[in-house]
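**Student:** Provided below for reference: sequence and predicted model.
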Amino acid sequence: MLDSPVFPAIKAFEADLIAIRRDIHAHPEIAFEEVRTAALVARALRGWGIETHEGLAGTGVVGTLKGERGGQRAIALRSELDALRIEEKSEIPHRSTSPGKMHACGHDGHIAMLLGAARYLAEHRDFGGTVHFVFQPAEEGLGGACVMLEQGLFERFPVDAVYGMHNQPGRRAGEFGIRQGPMLAASDTWVVTFRGTGGHGGSGAHTATDPTIALANFILGVQAIVARNVPAVEPAVLSVGHINAGAFSSPNVIPAEVVVTGTARCFSASVRDILEQRLGVLAEGVAAIQGCSADYVYKRRYPPLINTAEETALAAAVASELVGAEKMEMQIPLNTGADDFAFMLEQRPGAFIRIGNGTAAEGKGNLLHTPLYDFNDDILALGSTYWVHLVHKELTSQA
C-alpha cells in the first residue's frame, strides 16, 4: 500500500462504512424505487457539508464538492443504488428483510465506498476543481444512467471525465483490473412471436400450421448465427431466455402462438447490426416454411462499455500506486456482461475499473447475481482510498 494518509484516515471510520453498507444490504430497493437508499445517501452527504441534489431520474442523488485549490476541471464518480429481484438465501446477520429482493451485485458496497471518499474529501479539500458524486438509480436492466443523462446530468453538472468502479468476485481482494477500449458488451433484447392456426394435437395435427415447429427450427438456427455470420475474431453471444406457448394443462392442443425472447451481446456496431438483421431473417424464414407468420422486435438497450485511453491509464496508475503494479491487471478479458455506465462513457471520456471482491479461498467466491452473494467489507476502505487518490490525480493535487 502506498504510503499515504488517506487509507489510515478512512480506516478510522471504516466501521461507519460497514454499518452503512449492511444497512443498505438489509433494506434493498429495486430499480427506480430506491427511496430509502437515496434518502440515506443524501442525508450523509449533507451531514458532511456537501452540496446535495436529489430527484434526477426520480431517485438519483448528486453531491458536488469544490476543492480549495481553485481550478476549473470537474470529474464525476458514479455508484449505483438499486438491488435485484432475487431471494437471498444466506444466513448473514444483515440479510435482506425484503422478500424477493437483495443486493446481489454489490451496489450496497459501491455506495459505501463512494460515500467514504466523499466524507474524506469533504474533510480534506486539498484538491483543485470540482468532483460530483453521482448515485444512480436503476442500473439493473432499466438504464437509469440513460435516464439521468436525458434529464440533463452533464448539463447540470458539467464534467471533463467520468469514472466508475465495480467489484469482481474471483479477483483477490486488494487487486484491480481494467482494459482500454471495449470492456463490457452491448446488451440487447429481442422478441419473436410465431403465429399459426394451432389445432388438435391428436386428430387434427396434420391440418394445423404449427408455430412450435417454427420455434424449434428458430432456436437451432439462432446458435448458427454467431458461428456462421459473425467474424471469428469478434466475440458475440445469442441466448434464448424465455419461451411462452400453450397451456400446461392442455398438452393435446397445438398452440396458435409462440413467443420466444432472448439476449444479444457483442462489442462492435457492425456485429450488432449483423445480429439484429440475421435474427429477423431467420424468424421470417422458419415461419414461412411452416406456413406461419413471425413478428420480430429487436431492442438496443445498453451500448458496449468503452474505456478511453487517457482515463484508463490514469485509473490504472492510481490503482498501481495503491496496491503495486503486480496487483493491477491492465488487460482483463472481455466480459459479455453489461453496465449502463456505458451511456455515460458515450458522452464523456472515462474509465470503469474492477476491484477484487475476493476468491473462494478467501471465503468470498459467490458470484454476482446469485442468492448467496455478499459484498466484502474488507475492501471498503481500499475502494474509498482509490476514489480519493483518483480525485487528487485528476484534479492536480497530491495525496
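**Tutor:** In hand now; what should we look at? Numbers count the residues shown, from 1 in each chain.
**Student:** just give me the neighbour total for residue 126.
**Tutor:** Residues contacting residue 126 under the criterion other C-beta atoms under 10 Å number 13. The way it works is simple: take the backbone N, C-alpha and C, and place the C-beta from them, glycine included.
**Student:** again but with residue 189, I slipped
**Tutor:** Counted with other C-beta under 10 Å, residues neighbouring residue 189 total 15.
**Student:** so what's residue 107 up against?
**Tutor:** Going by C-beta atoms under 8 Å, 6 or more residues apart in numbering, residue 107 touches 79-83, 139.
**Student:** mind running it again at 6 Å?
**Tutor:** Residues near residue 107 by C-beta atoms under 6 Å, 6 or more residues apart in numbering: residue 80.
**Student:** is it true that residue 244 touches residue 257?
**Tutor:** No: between residue 244 and residue 257 there is no contact under C-beta atoms under 6 Å: 8.6 Å.
**Student:** skipping its backbone neighbours, what lies nearest residue 303 in space?
**Tutor:** Among residues not flanking residue 303 along the chain, residue 342 sits closest, at 4.8 Å (C-beta to C-beta, 6 or more residues apart in numbering).
**Student:** hmm, back to that, of residue 244 and residue 257, which one has the most company?
**Tutor:** Neighbour comparison, residue 244 and residue 257: the larger count goes to residue 257, with 15 against 11 (by other C-beta under 10 Å).
**Student:** can you list phi and psi of that one for me?
**Tutor:** Phi and psi for residue 257, reported as degrees, to the nearest 10, are phi -140, psi 140.
**Student:** re earlier: tell me which other helices or strands the helix or strand hosting the residue nearest to residue 303 touches.
**Tutor:** Using DSSP states H and E, residue 342 sits in helix 341-347. Using 3 or more C-beta pairs under 6 Å, 6 or more residues apart in numbering; DSSP states H and E, the elements in contact with helix 341-347 are helix 144-150.
**Student:** what's the helix it packs on packed up against?
**Tutor:** Counting by 3+ C-beta pairs under 6 Å, 6+ apart, the packing neighbours recorded for helix 144-150 are strand 130-136, helix 341-347.
**Student:** what is the burial count for residue 35?
**Tutor:** Residues near residue 35, counting by other C-beta under 10 Å, number 13.
**Student:** and it, how close does it get to residue 28?
**Tutor:** Here the criterion is C-beta to C-beta, to the nearest Å. By it, residue 35 lies 12 Å from residue 28.
**Student:** tell me who's in contact with the residue nearest to residue 303.
**Tutor:** Neighbour list for residue 342: 302-303, 305 [criterion: C-beta under 6 Å, 6+ apart].
**Student:** which of the residues you listed ranks first by neighbour count?
**Tutor:** That'd be residue 305 among these, by other C-beta under 10 Å, with 28 neighbours.
**Student:** hang on, it packs against residue 184?
**Tutor:** Yes: Residue 305 is within contact range of residue 184, at 3.8 Å (criterion: C-beta under 6 Å).
**Student:** shared neighbours, these two?
**Tutor:** residue 339.
**Student:** dump the residue contacts of the residue positioned nearest the centre of the chain.
**Tutor:** With distances taken as C-alpha atoms, centre = their mean, the residue of the chain nearest its centroid is residue 339 (3.1 Å). Applying C-beta under 6 Å, 6+ apart, we find residue 339 in contact with 184, 305.
**Student:** you'd agree it is in a strand?
**Tutor:** No: per DSSP: H, G, I helix; E, B strand; the rest coil, residue 339 lies outside any strand segment and is coil.
**Student:** can you pull out the strands in the stretch 1-150 of the chain?
**Tutor:** Using DSSP state E, counting those that start in this stretch, the strands assigned to the stretch 1-150 of the chain run over residues 51-56, 60-66, 74-80, 130-136.
**Student:** among the ones you listed, which is the most enclosed?
**Tutor:** Across these, averaging neighbours per residue (mean count of other C-beta atoms under 10 Å) puts strand 130-136 on top, at a mean of 27.
**Student:** which residues sit against it?
**Tutor:** Outside strand 130-136, the residues that reach it (C-beta under 6 Å, 6+ apart) are 41, 60-66, 74-81, 114, 118, 144-145, 148, 157, 391.
**Student:** what is the least confident helix or strand in the chain?
**Tutor:** The helix or strand of the chain with the poorest confidence is strand 199-200; it has a mean of 90 (mean pLDDT, DSSP states H and E).
**Student:** who are the packing partners of that one?
**Tutor:** Secondary elements touching strand 199-200 (3+ C-beta pairs under 6 Å, 6+ apart): none.
**Student:** state the phi and psi torsions of residue 33.
**Tutor:** phi -120, psi 20.
**Student:** and the nearest residue to it once chain neighbours are set aside, how many neighbours?
**Tutor:** Once flanking residues are discounted, residue 33 sits nearest to residue 59: 7.3 Å by C-beta to C-beta, 6+ apart. When neighbours are counted by other C-beta under 10 Å, residue 59 registers 26.
**Student:** domain-wise, how is this protein divided?
**Tutor:** The chain resolves into domains spanning 6-183+304-394, 186-302 when parsed by automatic domain parsing.
**Student:** just say which of these is most tucked in.
**Tutor:** Of all the domains of the chain, domain 6-183+304-394 carries the top mean neighbour count, a mean of 20, counting by mean count of other C-beta under 10 Å.
**Student:** mind listing the helices for the protein?
**Tutor:** Counting by DSSP state H, the chain has helices at residues 6-12, 14-26, 35-47, 107-123, 144-150, 153-156, 211-229, 269-289, 309-323, 341-347, 380-394.
**Student:** can you redo the ones you listed as CSV with distance to residue 98?
**Tutor:** Conversion of the helices of the chain to CSV gives the following (distance: least, C-beta to C-beta, whole Å):
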stretch, distance to residue 98
helix 6-12, 29
helix 14-26, 9
helix 35-47, 10
helix 107-123, 13
helix 144-150, 19
helix 153-156, 28
helix 211-229, 36
helix 269-289, 36
helix 309-323, 34
helix 341-347, 25
helix 380-394, 22
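**Student:** mind putting the ones you listed into JSON lines with mean pLDDT and distance to residue 332?
**Tutor:** Below are the helices of the chain laid out as JSON lines (pLDDT from 0 to 100; distance: least, C-beta to C-beta, whole Å):
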{"stretch": "helix 6-12", "mean pLDDT": "96", "distance to residue 332": "24"}
{"stretch": "helix 14-26", "mean pLDDT": "98", "distance to residue 332": "25"}
{"stretch": "helix 35-47", "mean pLDDT": "98", "distance to residue 332": "29"}
{"stretch": "helix 107-123", "mean pLDDT": "98", "distance to residue 332": "18"}
{"stretch": "helix 144-150", "mean pLDDT": "97", "distance to residue 332": "22"}
{"stretch": "helix 153-156", "mean pLDDT": "98", "distance to residue 332": "27"}
{"stretch": "helix 211-229", "mean pLDDT": "97", "distance to residue 332": "22"}
{"stretch": "helix 269-289", "mean pLDDT": "97", "distance to residue 332": "20"}
{"stretch": "helix 309-323", "mean pLDDT": "97", "distance to residue 332": "11"}
{"stretch": "helix 341-347", "mean pLDDT": "97", "distance to residue 332": "16"}
{"stretch": "helix 380-394", "mean pLDDT": "97", "distance to residue 332": "16"}
